[in-house]
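*Asks:* Build me a model from this:
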Amino acid sequence: MNQDQELRKQLVNLLSVRQAHMTFEDAVADFPPDHINSRATNVTYTFWHLLEHLRLAQWDILDYIRNPNYVWQKWPESYWPAEDATTDLVGWDHSIEQFLADRQSLVEIVQDPATDLYAQIPHGSEGHNVLREIEVIGAHNAYHAGELGILRQVMGLWPANR
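*Replies:* Below is the predicted model:
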């Protein structure tokens, strides 16, 4: 395996393989539906808000990478649902499905040998390339997947057999 293939493999692993952190799939597995809109003590967002934040941030980076007409989003309002927003199980499942689909699109970009990981994103900021964006979203996803896991632990929301 050459260096380019190895780098691509490691980036895919960062996005989707359990390594030194909990995966997204682990964090949302067997989540109790009656708690998707629950908040832990002293936390201003719900489990769904956090899930939706993960989805929105990942979507934004995917859009940034591939859309020459990308429009910068407003922070933080474009990256979080409204504080009073709620969802149902269909909305929860949709957030998960869309997160996974968008992550797969990022994986496909990384795996495509035609993708120059080091090239400046033509419509992007100075120094922004696909490698940087994958590292940013990989770290962001790992951080918040861990947060989901910790909040589940704090609220006693893991299945008994875990």
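*Asks:* make it CA atoms for all contacts and neighbour counts henceforth
*Replies:* Fine.
*Asks:* Identify the residues contacting R8.
*Replies:* With contact taken as CA atoms under 8 Å, 6 or more residues apart in numbering, R8 is in contact with 110-111.
*Asks:* Could you look up the next helix or strand downstream of the helix or strand V12 falls within?
*Replies:* Applying DSSP states H and E as the criterion places V12 in helix 3-16. As assigned by DSSP H and E, the chain's next helix or strand after helix 3-16 is helix 24-28.
*Asks:* Pull out the buried residues from that next one.
*Replies:* Residues of helix 24-28 classed as buried: 24, 27-28 (neighbour count, 16 or more other CA atoms under 10 Å).
*Asks:* Same list (those) but as TSV, adding distance to D93 and pLDDT.
*Replies:* Converted to TSV, those look like this (distance: CA to CA, whole Å; pLDDT from 0 to 100):
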residue	distance to D93	pLDDT
F24	13	96
A27	14	96
V28	10	97
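*Asks:* Turn those residues into TSV, including distance to A85.
*Replies:* What follows is the buried residues of helix 24-28, written out as TSV (distance: CA to CA, whole Å):
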residue	distance to A85
F24	22
A27	21
V28	19
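*Asks:* Pick the one among those closest to S105.
*Replies:* Lowest distance from S105 to the buried residues of helix 24-28 (CA to CA) belongs to F24, with 15.7 Å.
*Asks:* residues in contact with that closest one?
*Replies:* Going by CA under 8 Å, 6+ apart, F24 touches 16, 141-142, 145.
*Asks:* repeat that for 10 Å
*Replies:* By CA atoms under 10 Å, 6 or more residues apart in numbering, the residues touching F24 are 15-18, 51, 54, 96, 99-100, 141-142, 144-146, 148-149.
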